[in-house]
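Participant: Provided below are the primary sequence and the corresponding predicted coordinates.
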Amino acid sequence: MHGTIESASKLDALRERASTLPLEQFDPGDPELFRTDTFWPYFDRLRREDPVHYCKDSMFGPYWSVTRYNDIMEIETNHAVFSSASALGGITIRDIDPDLRRESFISMDPPRHAAQRKTVAPMFTPTHLDNLALNIRKRSAECLDNLPRGEVFDWVDQVSIELTTQMLAVLFDFPWEDRRKLTRWSDVATTIPGPDGLVATEDERQAELTECAGYFSRLWKERIEQPPKSDLLSMMAHGAATRDMDAKNFLGNLVLLIVGGNDTTRNTMSGSLHALSQHPEQYRKLRENPALLDSFVPEVIRWQTPLAHMRRTALADFEFRGKQIKKGDKVVMWYVSGNRDEEAIEKPYDFIIDRARPRTHLSFGFGIHRCVGLRLAELQLKIIWEEILKRFDHIDVVGEPKRVYSSFVKGLETLPVKIAA
């Protein structure tokens with residue numbers, strides 16, 4: 001009880017700070033706010049008072065924040081003015097050294113974007129997903145049956161990472177014994193280098209990504225010499241828009257597919273159990289009626305918002321909601337804020353697994369850059385929870401999660417849990 005009172009008073013102090021700090025001093029992209037899960041009152045105030053906000057100075061340089069649901073959709077669909085191109089900085093708030101920028105189809109504008117995206121889209125057709133579902137169910141069942149009973153373990157490592165990494169290995173037809181390399185490369189690609197980080201320096205990051213490129217290049221050569229198969233690497237090796245990619249575009253698309261297939265599903269898998277532990281009445285509702293999984297899955301994807309933002313760069317001066325955005329300005333669309341926008345979503349701070357319109361959320365983006373693998377992500381979550389509900393009456397979260405130090409990847413690094421013996 002004491003811990004609850006302490007955390008409540010800490011939250012009150014943070015809310016107080018967010019309500020009294022002058023708006024011009026707001027820096028909602030500070031990763032520390034995400035590591036401590038204290039960014040919510042900042043976005044609440046921005047949506048109310050300054051929905052298109054300019055931050056003059058931050059660790060990522062100056063940037064605009066777009067925080068309301070409908071405004072985000074407007075920016076997201078205006079490709080003539082707001083660019084995703086990697087040459088201009090790409091899709092994250094953090095700028096990358098121009099020499100290290102790598103194109104991927106998410107960091108391309110139309111019309112080039114569509115051709116590369118189309119190459120991997122067959123992986124996510126209904127027929128292909130039906131085949132993958134059998135594989136996902138078998139591996140989910142094995143993973144859950146091997147979990148320890150009556151002792152504390154880390155759900156993130158033993159379930160979320162393990163299952164999403166297995167899925168990635170299947171999607172790429174990647175050597176099974178090396179599959180945790182995929183997890184490592186995904187984490188390294190999105191981490192902020194620093195003394196306490198996964199990598200200390202940008203040079204270390206680049207060295208590991210070069211290793212990733214080298215490993216995949218060897219697999220690529222094998223696929224080119226084989227007849228086309230139904231894995232992502234073979235699809236790209238034989239696809240007209242992707243078979244002649246330069247080295248940077250090759251690694252860019254690999255990182256996109258690895259991060260997209262790993263981080264988003266893994267963080268929602270962890271977030272789903274954490275959300276249910278915070279809302280026992282919803283957990284009870286789900287156990288009593290597993291058919292609610294159809295609405296639970298999109299609700300938890302909204303609730304978690306596994307990627308907090310996407311960024312665009314202005315191609316021209318543009319007036320938006322009375323603000324003058326200049327050519328070259330960085331514009332950050334905060335999905336995590338749009339997903340709590342009272343004007344678009346009823347009771348957005350309530351976790352409601354039988355919500356009437358659960359797919360009203362921005363977690364997968366909107367428009368042409370909407371996540372290509374969203375149906376697979378939903379399928380993985382649905383199957384793991386079907387298998388959990390068959391096996392366990394309850395999974396207890398026994399401590400606070402450790403959160404990722406990032407304002408891009410909104411995830412849990414650890415989540416201590418216990419299943420009754």
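Facilitator: Alright, I've got the coordinates.
Participant: now stretch 357-375: how far from the chain's centre is it?
Facilitator: Relative to the centre of its chain, stretch 357-375 is centred 11 Å away, using C-alpha atoms, centre = their mean, to the nearest Å.
Participant: then stretch 281-293?
Facilitator: 25 Å.
Participant: would you mind extracting the C-alpha trace of it into PDB?
Facilitator: Output of stretch 281-293 as PDB, limited to C-alpha atoms (Å, rounded to 0.1, in the frame of the first residue of the first chain):
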ATOM      1  CA  GLU A 281     -11.800  -6.700 -14.000                       C
ATOM      2  CA  GLN A 282     -10.900  -6.800 -17.700                       C
ATOM      3  CA  TYR A 283      -8.700  -9.900 -17.100                       C
ATOM      4  CA  ARG A 284     -11.700 -11.500 -15.500                       C
ATOM      5  CA  LYS A 285     -13.900 -10.500 -18.400                       C
ATOM      6  CA  LEU A 286     -11.500 -12.100 -20.900                       C
ATOM      7  CA  ARG A 287     -11.200 -15.300 -18.900                       C
ATOM      8  CA  GLU A 288     -15.000 -15.600 -18.800                       C
ATOM      9  CA  ASN A 289     -15.400 -14.900 -22.500                       C
ATOM     10  CA  PRO A 290     -12.400 -15.600 -24.600                       C
ATOM     11  CA  ALA A 291     -14.400 -14.600 -27.700                       C
ATOM     12  CA  LEU A 292     -13.500 -11.000 -26.600                       C
ATOM     13  CA  LEU A 293     -10.000 -11.600 -28.000                       C
END
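Participant: average pLDDT for it?
Facilitator: Averaged across stretch 281-293, pLDDT comes to 97.
Participant: in it, what's buried?
Facilitator: Across stretch 281-293, burial judged by 16 or more other C-beta atoms under 10 Å covers 282-283, 285-286, 292-293. All C-beta atoms are positioned from the backbone trio N, CA, C, and that covers glycine.
Participant: what does stretch 312-320 give?
Facilitator: 312-315, 318, 320.
Participant: got a list of what residue 169 touches?
Facilitator: Each residue near residue 169 by C-beta atoms under 8 Å, 6 or more residues apart in numbering is listed here: 175-176, 179, 182.
Participant: can you give me the helices in the stretch 201-350 of the chain?
Facilitator: Assigned helices in the stretch 201-350 of the chain, in chain order: 202-225, 232-238, 247-278, 280-288, 293-304, 335-338 (criterion: DSSP state H, counting those that start in this stretch).
Participant: so which of the ones you listed is the most surrounded?
Facilitator: Comparing the helices of the stretch 201-350 of the chain by mean neighbour count (mean count of other C-beta atoms under 10 Å), helix 335-338 ranks first with a mean of 27.
Participant: and the next helix or strand past that helix?
Facilitator: Going down the chain from helix 335-338, the next helix or strand is helix 374-391, by DSSP states H and E.
Participant: strands paired with the helix or strand just after that following helix, and their directions?
Facilitator: Sequence order places strand 396-397 as the next helix or strand after helix 374-391, per DSSP H and E. Using DSSP bridges, strand 396-397 pairs in its sheet with strand 416-418 (antiparallel).
Participant: where in the chain is pLDDT low?
Facilitator: Flagging of the chain using pLDDT under 70 yields the residue ranges 1-8, 98-117.
Participant: quick one: the helices in the stretch 51-200 of the chain?
Facilitator: Taking DSSP H, counting those that start in this stretch as the test, the helices found in the stretch 51-200 of the chain are 69-77, 112-120, 126-145, 155, 162-172, 180-190.
Participant: would TSV of those with distance to residue 254 be doable?
Facilitator: Shown next, in TSV, are the helices of the stretch 51-200 of the chain (distance: least, C-beta to C-beta, whole Å):
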stretch	distance to residue 254
helix 69-77	24
helix 112-120	11
helix 126-145	20
helix 155	28
helix 162-172	9
helix 180-190	8
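Participant: and residue 405, which of those helices is closest to it?
Facilitator: helix 180-190 (10.8 Å; C-beta to C-beta).
Participant: chain center to that closest one: distance?
Facilitator: 14 Å.
Participant: hmm, who's touching that helix?
Facilitator: Contacts of helix 180-190 (C-beta under 8 Å, 6+ apart): 161, 164-165, 168-169, 172, 174, 198-199, 205, 208-209, 211-212, 215, 255, 258-259, 262-263, 406, 408-409.
Participant: residues in contact with residue 387?
Facilitator: By C-beta under 8 Å, 6+ apart, the contact list for residue 387 reads 137, 140-141, 144.
Participant: to what extent is residue 226 buried, counted in neighbours?
Facilitator: Residues contacting residue 226 under the criterion other C-beta atoms under 10 Å number 11.
Participant: could you check how far it is from residue 64?
Facilitator: To residue 64, residue 226 is 47 Å away according to C-beta to C-beta, to the nearest Å.
Participant: same deal with residue 145?
Facilitator: Look at residue 145 and residue 64: by C-beta to C-beta, they are 49 Å apart.
Participant: which one of these two has more residues nearby?
Facilitator: Using other C-beta under 10 Å as the criterion, residue 145 and residue 64 rank with residue 64 on top: 21 against 9.
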